[in-house]
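> fold the following.
(2 chains)
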Number of protein chains: 2
Amino acid sequence: MLVIGLDVGATKVAAGLGRADGTILERRVIATRRLDPDRLLDDLGELVADLHRSGPDAPVNIGIGICGLVEPETGRVARSIALGWSEPFALRDALTRRTGCRVLVDNDVNAGALGEQRWGAGVGVDDFVYLSVGTGIGAGIVLGGRLQGGASGAAGEVGHMVIDLRGRPCRCGNRGCLEALASGQAVGEIVTAELASGVAASSSLATIAASGRAITARDVFSAAAAGEPYACDVVRRTGEYLAVAVVNLVNLLDPRRVVVGGGLTHTGHLLVDAIREALGRWTACGGDAAKIVLPAALGEDTGLRGAMAVALQGTPGAA
Amino acid sequence: MLVIGLDVGATKVAAGLGRADGTILERRVIATRRLDPDRLLDDLGELVADLHRSGPDAPVNIGIGICGLVEPETGRVARSIALGWSEPFALRDALTRRTGCRVLVDNDVNAGALGEQRWGAGVGVDDFVYLSVGTGIGAGIVLGGRLQGGASGAAGEVGHMVIDLRGRPCRCGNRGCLEALASGQAVGEIVTAELASGVAASSSLATIAASGRAITARDVFSAAAAGEPYACDVVRRTGEYLAVAVVNLVNLLDPRRVVVGGGLTHTGHLLVDAIREALGRWTACGGDAAKIVLPAALGEDTGLRGAMAVALQGTPGAA
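As a prediction, this is how the structure comes out:
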């Protein structure tokens, strides 16, 4: 059985043709043309046609993971802040009409959770949380073997879990949200502000900042990997915030595993190690929370294979 | 169909014989004799025998809601801090042997959620959280129509959700847990400490404190109901903390309702009103969170009818 996965992010669309065992046979990547659902639809249609030319004779099922609020039952994107969509868009129906394929749509982080459940760190685990730490922070919650969407498909917004109610303001309007403290964007902003105040003036990050380029979380994690003390301290603090979120998830949901993926984990195990280390200083009702935290197994392919897993929903797992 | 519910708390055991429609026909209440599972078992056996004498000829199903960590599949109480049990106790099997009845066991807050689902504010709602605010704070999480126990039955420990990571120490070892800020016990401790530092010296609460009696949350809510400004401010702050917890639950789980019950809600709507009022100052991804907060419908009978609902699990709802 062949499927097509479409991982639609704010900066790029990754498309792949793959098998039900998770093998990716063909890949395509294009830049996302934002702000216009119809142009995105054109791009997706062309990607699907292109992938069909390199393999299957008959239309194959398509799974989409997209950075937005999705109603999985209808395949409608209710809104996407990342893509600048404030109006609902009937993505499933539009792409079905265009391609003749069966199309399933879910949120990109939920898709990642389905990918990890089928081929990654969630195989054989009925209760786990997939925690995606990238530019933003989200979660896919699997309980009793089922991805939990909540009443309107919006479940999993762990990025807006308040853990420090007198803490840093978040763009959502609240204070001390996890995403305002430990996301890639927050790490970049916090480091930029600290360097501007004169901290770590001799670090490589200060040199980047002095050059006028914006500091990214990737810069920080690279500097930490090279052993720079200031960058290591930022990673440690980021791990501490995420550890508190893990404690909250464990106490609230009692998962068997918390699988950590997303952009900030793609350059190595620094972040997962920092979370585990910090968990040694917090208690959780379920016992030793550090033991249940592990890195996502699909790495940089989580998005694409997640989208393939969306296409395979309702079919038996490969494990 | 008749069932027996046993609501086992740290201070009392409430027992009831009732019908599947939730009507309670007979009630008994005894003091809990702590620290000894075998003595509790004797008491429960006598209560069951007593209730059988007042009605049914044949053994009826028994549901137990107990303040402890329960493995619902086995009916074992893994531990109960409130009862002082640190060793597992096979409550279901022991009471089955003693009574000849079919026995089902769950955590008391989960039982409350099942009661609200069957006869209260959760009727017809697939996704809701029952938030119990009493001496401690816990939650029963219903998603997709099912009570979610998590991997080991420990889900719902919202009392140890950290919302203020530099906040008041909690007895669990962490800081800023909801239970350390907004539980009945916390309210009593916070008010006691504030009065000792000279706050609200002319309030009725200061008079109670001066008499040497420990201040309880009930005192504070009574004073607030009488309009005393200091007590009203304490209720307002308690509502603010709980509102943050509601925001976190809404963002994480996307429930259609958050049903607030427990001891602090038994004296009126002050607490629910304070939560709703505070929610006006916080945003949630799902929109207006204040609209989905409502008081538990079963009030002081939540525990007993919850235990009856445990007994009725797997049978059709009365709604």
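
> name the residue closest to the centre of chain A, please.
Geometric centre of chain A, nearest residue: A:Ser132, 3.9 Å, by C-alpha atoms, centre = their mean.

> does it touch A:Val109 like I think?
Yes - taking contacts as C-beta atoms under 8 Å, A:Ser132 lies within contact range of A:Val109: 4.7 Å. From N, CA and C alone the C-beta is placed, and that goes for glycine too.

> give me the common contacts of those two.
Counting by C-beta atoms under 8 Å, 6 or more residues apart in numbering or on different chains, the contacts common to A:Ser132 and A:Val109 are A:Gly138, A:Ala139, A:Gly140.

> ok, and which of those reach chain B?
A:Ala139 (C-beta under 8 Å from any C-beta of the partner chain).

> hmm, who's touching the helix or strand hosting the residue nearest to the centre of chain A?
In the assignment (DSSP states H and E), A:Ser132 maps to strand A:128-133. For strand A:128-133, contacts defined as C-beta under 8 Å, 6+ apart pick out A:108-109, A:112-113, A:116-117, A:121-122, A:137-142, A:158, A:182-184, A:242, A:245-246, A:249, A:253, A:255-265, A:271, A:296, A:302.

> need the next SSE after that strand, C-terminal direction.
Next helix or strand after strand A:128-133 toward the C-terminus (DSSP H and E): strand A:137-143.

> can the next helix or strand after that next one be found next to chain B?
For strand A:137-143, the succeeding helix or strand toward the C-terminus, using DSSP H and E, is strand A:146-147. Yes - counting by C-beta under 8 Å from any C-beta, contacts between strand A:146-147 and chain B involve A:Arg146.

> by contact count, what packs against strand A:146-147?
helix A:108-119 (3 or more C-beta pairs under 8 Å, 6 or more residues apart in numbering or on different chains; DSSP states H and E).

> what angle do the helix it packs on and strand A:137-143 make?
Inter-element angle recorded for helix A:108-119 and strand A:137-143: 50 degrees (by axes from the mean of the first three to the mean of the last three C-alpha atoms, to 10 degrees).

> now the angle from helix A:108-119 to strand A:128-133?
Using the same axes, to 10 degrees: helix A:108-119 against strand A:128-133 is 130 degrees.

> so who does the residue in the stretch 101-250 of chain A that chain B sits nearest to touch?
Distances between the stretch 101-250 of chain A and chain B by C-beta to the nearest C-beta are smallest at A:Gly150, namely 2.5 Å. Listed by C-beta under 8 Å, 6+ apart, the contact partners of A:Gly150 are A:Gly156, B:Asp127, B:Leu143, B:Leu253, B:Asp254, B:Pro255.

> now do the contacts for the third one.
This points to B:Leu143. A:Leu143, A:Gln148, A:Gly150, A:Ala155, B:Asp126, B:Asp127, B:Leu253, B:Pro255.

> return the member of these nearest to B:Arg33.
A:Leu143 (36.3 Å; C-beta to C-beta).

> quick check: bridge partners of the closest one?
Here A:Leu143 shows beta-bridge partners A:Arg146, assigned using DSSP bridges.

> relative to A:Phe128, how far out is it?
9 Å (C-beta to C-beta, to the nearest Å).

> next one: A:Gly239
Distance from A:Gly239 to A:Phe128, by C-beta to C-beta: 20 Å.
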